[in-house]
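Asker: Let me see the structure of the following:
(chains A and B)
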Amino acid sequence: MTERSEITKTWKLFIGGAFPRSESGRVAPVNDLTNRSGGKALAYAAQASRKDLRDAVEAARASQEKWAASSGYLRGQIIYRLAELLDGRREELIDAVRMSGRVGKGKARTEVEIAIDRTLSFAGWCDKLDSVVGGRNAVAGPFHCFSQIEATGVVAVFAPEEFPLIGFLTLALPAIACGCSVIAMPSSVEPVPALIVAECAPSADIPPGVLNVLTGLREELVPVVAAHRDIDAVVASVQPEMAKILQLGVAENLKRVRLVDPQAKFLEDLAWSSPSAFQGVTEVKTVWHTVGL
Amino acid sequence: MKTPSTIWDYAPAPESTKVEIKPQYGLFIDGAFREPRSGCSIETINPATEVSLSRISEADAIDVNLAVVAARKALKNWRRAPALERAKYLYRIARRIQERARELAVLETMDNGKPIRESRDEDVPQSAAHFFHHAGWCDKLKWACPTANGSAPEPIGVCGQIIPWNFPLMMAAWKIAPALACGNTVVLKPAETTSLTALRLAEILQEIDLPPGVVNIITGAGETGRELVAHGDVDKIAFTGSTDVGRAIASTVAGTKKRLTLELGGKSPNIIFADAAIDQAVEGIVSSIWANQGQVCCAGSRLLVEESVADEVIEKLRMRMRSLRVGDPLDKNTDIGAINSRAQLDRIESFIKIGVAEGAQRHEVSDVVLPPKGFWCKPCFFTEVQPAHTIAREEIFGPVLAVMTFRTPDEAVARANNTMYGLSAGIWTSRGSKAYEVARQIKAGVVWCNTFNQFDPAAPFGGYRESGFGREGGRSGLSAYCA
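Answerer: Sure, this is the predicted structure:
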């Protein structure tokens, strides 16, 4: 035996800045359908449980106020740093995106490059959203009245099953950029690109708990997210039956639910990084103050 | 030739304005009033006298469908109408509301029970202002709500709008004006106890020749609302009302393509710091909890006073409460009018009983003489209130204030945010930097610093958390009506 055998990797969850296994102990194989392995599982990913989700919500809640209170300039620099790190792992990301065999190398490269550029775009939004979406309100009375844009709070993100990198970043990053803390569920069939993002997060100085990544079974996690009363908003690109379960969760605690068509063209359309990207994860706060001598 | 004495006569009091009320009103569908297919009607009374005012129709599923069909049919031309043509209709509505302001104010007070001073100075002018403001938006949508290709945004379509009884005409204006400005058509359902001003608005829409079907106004109770929410050809539901009904609506529209905005209840904190101008703060407390008999979703129903000035504030509040005039809402000197309905009065009284039973101390003016008929609740406040008390947690929607104290700004913020709601907050301090920092930390959609209950069409209004989602007013409110 002279040929070196590969180290099969276990991709763990990302909760509160740490990489724990699922408390359930469950793992699922991540199939590599590229020629490299001939379709064999070279890696395993943890399968998150209800308890893992609750831990992630706690970590997200604990981090959120401080993250939201940090300056847009700081958040922008951190997300820019994330883009730098992702660019450094570009080749690995390309391999990860084509792992499922859905796309070839060329398309995988395109997805990775657009995804990293879009990360850059979101970095720039952090200190501009207030100016574009908020501002002074010209009210009739003697008041200084303005509307500022604030983070909704703890946000659960279900990334689309396809577009495992750009779908994940397009839905998770706007929430982080505006000061939310996120529990993101990557594509359940192609989780690895999102897990690479998770590995970059601590190096980018994303504070522990601001981004949490849970791999696992969508049918298990969707109902738990819908019923959770400490999740303030959900951004989801899921099939209609799961979308309905999430919408029924609105009745629990009036959580905001923004649904994104799973067939959406994540690679195209300029609107992904428009102000509408922040719908459902931001709140408009109107402040009035008297004016007079 | 007028003699000097006639020239210098006093202007007639608003309550002397003659208001004609028909014995029965139909449904306003496709530009005309028509009898309901249901054949059913509901009596609407003056809550200050319990005298019947009129009967309003009760729309059933068939009636609701007729209104939705009319709105769908009208949508085709309305959405394509040149923006400035749409604007002209909205400007005309604003003008007619101004011209008929006295009549609308008197009718509102008779139907709702609120003091004429408020309907005259707040509800009706705000309603006109809302149409006026949104008229101006019609041709500016592509800058207000930009699309990826730079064109004007498309309307959402047929909007089902359900409004509460506390600000009947104003809520109709808040709902209809932005919807029309963006090219949507509307089916509006006012509350069953306060439909008369919305029906008067329907007459105004006829007067100004609004194209038939662009706005349809259907009356009825909860069942009518449920039919509208469940209707398969409605593109958006906008609801203002209780959090419980909001939850039910959210469940109904789950799994459909309907857009949803909800403006729900509140248990809003009003925070008085020791460095506030105390006399002004006391006036602010009065307007925060006793305006409109406290039947305001954003009412400052939890008073948080810094401990060092608590005795002073409570004493001044007690004095001020003594001077409030409770009684005939049509008297322009009245401060506190009638509660809107027997059911609401029962609800308020049950909360007062719970407050006493749980150990809080009630303060009210004992020598107020209430009219013999009608639904009346004396203004009151509670001290010795614990955060866990029912009256400190649940929305009462009445002139009942829960007073608590705090020692530090951090404690004030923690107490203020200790609620599932997040609609509004008041902050009273003479230090601007403190006001803005506390405003930042409070989870509420509207924060008033050294004032309370201010509204303006240009200022977005709406809640955090269980006070709902979506905004009304300003650019944010407009975007809720663009696809």
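
Asker: neighbours around B:K76, how many?
Answerer: Around B:K76 there are 10 other residues, counting by other Cβ atoms under 10 Å in any protein chain shown. In this view, the C-beta of every residue, glycine as well, is placed from N, C-alpha and C.

Asker: and for the one helix or strand it maps to, what are the contacting residues?
Answerer: Mapping B:K76 onto the secondary structure by DSSP states H and E places it in helix B:61-80. Here helix B:61-80 makes contact (Cβ atoms under 8 Å, 6 or more residues apart in numbering or on different chains) with B:27, B:29-31, B:36-38, B:57, B:59, B:86, B:154-155, B:157-158, B:160, B:180, B:183-187, B:211-214, B:216, B:218, B:220, B:224, B:227-228, B:231, B:233-234.

Asker: so what secondary structure elements neighbour the helix or strand following that helix?
Answerer: If you walk from helix B:61-80 toward the C-terminus, the next helix or strand you reach (DSSP H and E) is helix B:83-99. Counting contacts by 3 or more Cβ pairs under 8 Å, 6 or more residues apart in numbering or on different chains; DSSP states H and E, the secondary-structure elements packed against helix B:83-99 are helix B:124-135, helix B:168-181, helix B:196-207.

Asker: residues from the stretch 101-250 of chain A in reach of chain B?
Answerer: With Cβ under 8 Å from any Cβ of the partner chain as the criterion, the stretch 101-250 of chain A meets chain B at residues A:133, A:137-141, A:143, A:145, A:147-148, A:152, A:232, A:240, A:243-244, A:247-248, A:250.

Asker: For B:N417, grab the count of nearby residues.
Answerer: Neighbourhood size, B:N417 [other Cβ under 10 Å]: 17.

Asker: was I right about it contacting B:V438?
Answerer: No. The pair B:N417 and B:V438 does not pass the contact test of Cβ atoms under 8 Å, sitting 10.8 Å apart.

Asker: got the phi/psi numbers for A:D87?
Answerer: Dihedral angles phi and psi of A:D87 (degrees, to the nearest 10) take the values phi -60, psi -40.

Asker: OK, contacts around it?
Answerer: With contacts taken as Cβ under 8 Å, 6+ apart, A:D87 has the following neighbours: A:I116.

Asker: excluding its backbone neighbours, what's nearest the residue in the stretch 51-200 of chain A that chain B sits nearest to?
Answerer: Taking Cβ to the nearest Cβ as the measure, the stretch 51-200 of chain A has A:V139 as its residue closest to chain B, at 3.8 Å. On the basis of Cβ to Cβ, 6 or more residues apart in numbering or on different chains, the spatially nearest residue to A:V139 that is not a chain neighbour turns out to be B:D456, at 3.8 Å.

Asker: B:G463 versus that neighbour, what's the distance?
Answerer: Using Cβ to Cβ, to the nearest Å, B:D456 is found at 17 Å from B:G463.

Asker: likewise B:K88?
Answerer: The span separating B:K88 from B:G463 equals 33 Å under the rule Cβ to Cβ.

Asker: okay but B:V447 is in contact with B:Q441, surely?
Answerer: No. Contact criterion Cβ under 8 Å: B:V447 and B:Q441 do not qualify, at 9.9 Å.

Asker: Looking at these two now, which is surrounded by more residues?
Answerer: Between B:V447 and B:Q441, counted using other Cβ under 10 Å, the more crowded position is B:V447 (27 against 18).

Asker: and the residue lying closest to that one once chain neighbours are set aside, how many neighbours?
Answerer: Leaving aside its chain neighbours, B:V447 sits nearest to B:A439 (4.3 Å; criterion: Cβ to Cβ, 6+ apart). Neighbourhood size, B:A439 [other Cβ under 10 Å]: 21.

Asker: Great, nothing more from me.
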